[in-house]
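Q: My questions concern the predicted model and sequence given below.
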Amino acid sequence: MTTKTKPEAAKPLPLNTILAGDCIEIMRSLPEASVDLIFADPPYNLQLKGDLHRPNNTKVDAVDDAWDQFDSFKVYDQFTREWLSAARRLLKPNGAIWVIGSYHNIFRVGAELQTQGFWILNDVVWRKTNPMPNFRGKRFTNAHETMIWASKEEGAKYTFNYEALKELNEGIQMRSDWVLPICNGGERLKDENGDKAHPTQKPEALLHRVLVGATKPGDVVLDPFFGTGTTGAVAKMLGRDFIGIEREEAYRKVAEKRLSKVRKFDKSALEVTQGKRAEPRVPFGQLVERGMLRPGEMLTNPRGQQAKVRADGTLIADDVKGSIHKVGAELEGAPSCNGWTYWAFKRDGKSVSIDVLRQQIRAEMAG
């Protein structure tokens with residue numbers, strides 16, 4: 001007689017924690033397909049040679065840390081290949097990734113994204129309102145960084161809160177060039193000596209736009225290069241769960257202190273504007289089935305023309321038959337028509353849009 005062993009329980013996700021160590025090793029240890037979004041700010045491999053000084057001979061606090069130094073492009077490419085592979089394994093089927101970089105590395109990262117099967121949705125240019133000037137005067141001032149937004153694969157149903165970003169942009173469709181200041185002033189975190197805690201700390205405004213646009217409350221956001229925790233801080237405020245990975249102890253300490261002071265926004269404030277496509281579909285025939293409109297009842301368009309409701313949820317107007325959209329388009333001589341806002345019915349002598357009935361059904365479904 002053989003004894004069956006119980007399958008091991010799924011390893012729980014270490015939500016809202018900072019994991020210490022190498023991001024590739026740690027990502028490989030986490031459960032597969034468990035993350036909704038990844039925001040990655042990998043080393044830029046700036047290849048700096050020598051100190052950089054301002055015209056007044058003061059030294060520029062540039063990115064010269066060991067974590068940003070690689071022996072060759074070949075070594076950097078291998079590193080990129082491994083961390084992106086580990087990241088892709090963690091994404092849910094409809095998950096997505098954002099990677100930010102400079103001209104030093106973003107093209108190499110973009111090529112590897114495509115090689116591994118990610119599907120690039122946009123490249124977003126973050127244009128800095130207050131960039132560091134080019135002190136040597138031999139190149140243009142480097143005033144932007146590039147973010148690549150990609151789904152796990154072509155055809156994935158990634159999250160995109162189009163209407164929310166439109167509202168964030170005063171009712172105008174959000175473009176792929178974002179004008180935001182670099183992290184400075186009170187937002188710039190300092191270490192025990194009063195120096196910058198991290199040379200490439202990202203502003204919260206940047207992460208706010210990414211997370212509002214590409215996640216929902218309760219989603220899991222992973223940042224494999226956590227640094228001083230901007231991704232985690234914004235995720236916590238917006239009601240998202242985060243997982244941070246950071247190998248540098250000094251950065252982890254700053255991030256932990258920062259996160260301990262962050263408070264989640266009120267639940268009612270976390271809801272964002274949804275597009276019509278996000279609302280549940282209601283067939284016009286359902287209004288007829290439920291007796292909200294009766295077969296034989298007349299609907300009227302803005303010009304006073306009428307159409308009769310039929311038992312199968314179609315309309316007939318003179319010789320035109322079909323859906324509320326098709327009949328409306330035929331009467332208008334237009335290629336298409338939104339029948340829900342086009343047709344109205346009479347109640348107590350008043351004209352009422354049929355869309356009111358659709359919203360009643362949607363309210364019932366939501367309740």
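A: Ah, there it is. Numbering: from 1, shown residues only.
Q: What is the least confident helix or strand in the protein?
A: helix 267-270 (a mean of 78; mean pLDDT, DSSP states H and E).
Q: Extract the CA atoms of it and return them as CSV.
A: C-alpha atoms of helix 267-270 as CSV (Å, rounded to 0.1, in the frame of the first residue of the first chain):
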residue,chain,number,x,y,z
LYS,A,267,-10.9,53.7,0.1
SER,A,268,-13.4,56.0,-1.6
ALA,A,269,-10.5,58.2,-2.9
LEU,A,270,-8.9,55.2,-4.6
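Q: Quick check: next helix or strand after that helix?
A: Per DSSP states H and E, the first helix or strand lying C-terminal to helix 267-270 is helix 284-289.
Q: mind listing what's buried in that next one?
A: For helix 284-289, the neighbour count (16 or more other C-beta atoms under 10 Å) marks 284-285, 287-288 as buried. For glycine as for every other residue, the C-beta is placed from the backbone atoms N, C-alpha and C.
Q: which one among those gets closest to residue 323?
A: residue 284 (6.9 Å; C-beta to C-beta).
Q: I'd like the buried residues of helix 284-289 written out as JSON lines, with distance to residue 328 and pLDDT added.
A: Shown next, in JSON lines, are the buried residues of helix 284-289 (distance: C-beta to C-beta, whole Å; pLDDT from 0 to 100):
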{"residue": "284", "distance to residue 328": "11", "pLDDT": "93"}
{"residue": "285", "distance to residue 328": "16", "pLDDT": "91"}
{"residue": "287", "distance to residue 328": "16", "pLDDT": "91"}
{"residue": "288", "distance to residue 328": "17", "pLDDT": "90"}
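Q: coming back round to it: neighbouring contacts of the least confident helix or strand of the chain?
A: For helix 267-270, contacts defined as C-beta atoms under 8 Å, 6 or more residues apart in numbering pick out 217, 238-239.
Q: mind listing the strands for the stretch 151-300 of the chain?
A: 177-180, 220-223, 241-246, 298-300 (DSSP state E, counting those that start in this stretch).
Q: What residues sit buried inside the shortest one?
A: Translated: strand 298-300. residue 299.
Q: who touches that strand?
A: Under C-beta under 8 Å, 6+ apart, the answer for strand 298-300 is 293, 306-309, 315, 324, 343-346, 351, 354.
Q: After that strand, which helix or strand is next? Please name it.
A: Going down the chain from strand 298-300, the next helix or strand is strand 306-309, by DSSP H and E.
Q: Show me what that following strand is packed against.
A: strand 298-300, strand 315-317 (3 or more C-beta pairs under 8 Å, 6 or more residues apart in numbering; DSSP states H and E).
Q: now the helices for this protein?
A: In the chain, the helices defined using DSSP state H lie at 23-29, 73-90, 106-115, 162-168, 204-214, 230-237, 249-260, 267-270, 284-289, 324-332, 339-342, 355-366.
Q: mean pLDDT lowest for which of the ones you listed?
A: If you rank these by mean pLDDT, helix 267-270 sits at the bottom with a mean of 78.
Q: that older thread, can you tell me which of the strands of the stretch 151-300 of the chain comes nearest to residue 319?
A: Taking these one by one with C-beta to C-beta, strand 298-300 is closest: 16.6 Å.
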